[in-house]
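> one predicted model, sequence on top.
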Amino acid sequence: MTPRFASVILDVDSTLSGIEGIDWLAAHRSEALRVRVTQLTDDAMSGRVTLDSVYRERLDAVAPTLAECQTLGLAYRMKVAAGAADTVRAFLDAGVRVAVVSGGLYEAILPLAESLGIDEADVHAVRTFHDERGYYDGYDLRTALATESGKVTMAQLIALPRPLLAVGDGSTDLAMRTAGEADAFAAFTGFITRDAVVAGADHVVSSFAELRALVLGDAS
Ligand SMILES: [Mg+2]
């Protein structure tokens, strides 16, 4: 069966893995920081405030060291969504291009993506800078991914083969479809269900098995 989509863009936090990376890092610092950062993330992902307005505040408050980014990478892999590895492999075997587009941290996301067989060139996330001792030294302020429309801009830039399916749990994922940079959007509810995102979705999938059936057909 011919796949229904030539490309799939996957979100990471609460989609490929059951972790919100920045929240996870904050929780390892202090309870107060965890509460503050979790609230900011939820506000942004629910579309109550723009990601632009909270991204820098969140990341500078957490200021992750390189070692913490790497530990987060391990945590992402520990909490990888059930069936994600099989589904990504099936997509790649069927000739479907798989890309990761995330507002999360590149240093942590790359090992997860590579463990799933996704090409490094298809991994798009926010790069952090660290000094020679590994301390946080800011992030790539030029990246569009730290903004509300960042995934739209990135999808435009990487111009993957169409038709393209965007998959994720957040408003920034849905935005790719709304802007016409994706031909369809599947809300992933395996970890969290955001009503405003589900309401705008073409499809709702609660597992990677369902996502696989959506893209490759039930017979695969
Ligand atoms: Mg997400």
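Looks like it came in fine.
> give me the phi and psi for the residue nearest to Thr147 when sequence neighbours are not counted.
Of all residues not flanking Thr147 in the chain, Asp52 sits nearest, at 4.6 Å (Cβ to Cβ, 6 or more residues apart in numbering). C-beta: built from backbone N, CA, C; applies to glycine. Dihedral angles phi and psi of Asp52 (degrees, to the nearest 10) take the values phi -50, psi -40.
> if I look at Asp52, how far off is the ion?
17 Å (Cβ to the ion, to the nearest Å).
> over to Gly103?
8 Å.
> surely that residue is in contact with His124?
No - counting by Cβ atoms under 8 Å, Gly103 stays clear of His124, with 9.8 Å between them.
> pull up the pairing partners for the strand ranked longest in the chain, direction included.
Looking across the chain with DSSP state E, the single longest strand is strand 97-105. The strands beside strand 97-105 in its sheet (DSSP bridges) come out as strand 7-10 (parallel), strand 123-126 (parallel).
> pull the CA atoms of the first one into PDB?
Meaning strand 7-10. The C-alpha trace of strand 7-10 is given here as PDB (Å, rounded to 0.1, in the frame of the first residue of the first chain):
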ATOM      1  CA  SER A   7       6.600  13.000   5.100                       C
ATOM      2  CA  VAL A   8       5.900  13.100   8.800                       C
ATOM      3  CA  ILE A   9       7.000  15.800  11.200                       C
ATOM      4  CA  LEU A  10       7.100  14.600  14.800                       C
END
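> which secondary structure elements does the next helix or strand after it sit against?
Per DSSP states H and E, strand 7-10 leads on to helix 21-27 as the next helix or strand towards the C-terminus. Packing partners of helix 21-27 (3 or more Cβ pairs under 8 Å, 6 or more residues apart in numbering; DSSP states H and E): helix 31-45, helix 51-62, helix 66-78, strand 97-105.
> mind listing what's buried in whatever helix or strand comes next after the shortest one?
On the C-terminal side of strand 97-105, the closest following helix or strand by DSSP H and E is helix 106-115. Applying a neighbour-count criterion of 16 or more other Cβ atoms under 10 Å, one finds Tyr106, Glu107, Ala108, Ile109, Leu110, Pro111, Leu112, Ala113 buried in helix 106-115.
> which of those residues sit farthest apart?
Within those, Glu107 and Ala113 form the most distant pair, 11.7 Å apart (Cβ to Cβ).
> returning to that earlier point: what's the overlap in contacts for Gly103 and His124?
Residues touching both Gly103 and His124 by Cβ atoms under 8 Å, 6 or more residues apart in numbering: Leu145.
> where in the chain is pLDDT low?
218-220 (pLDDT under 70).
> close to the ion: what parts of it are there?
Asp11, Asp13, Ser14, Asp169, Gly170 (Cβ under 5 Å from the ion).
> distance of the residue nearest to the fourth one when sequence neighbours are not counted from Phe208?
To tie it back to what came earlier, the one meant is Asp169. The shortest distance from Asp169 to any non-neighbouring residue, by Cβ to Cβ, 6+ apart, is to Ser14 (4.5 Å). Per Cβ to Cβ, to the nearest Å, Ser14 is found 13 Å from Phe208.
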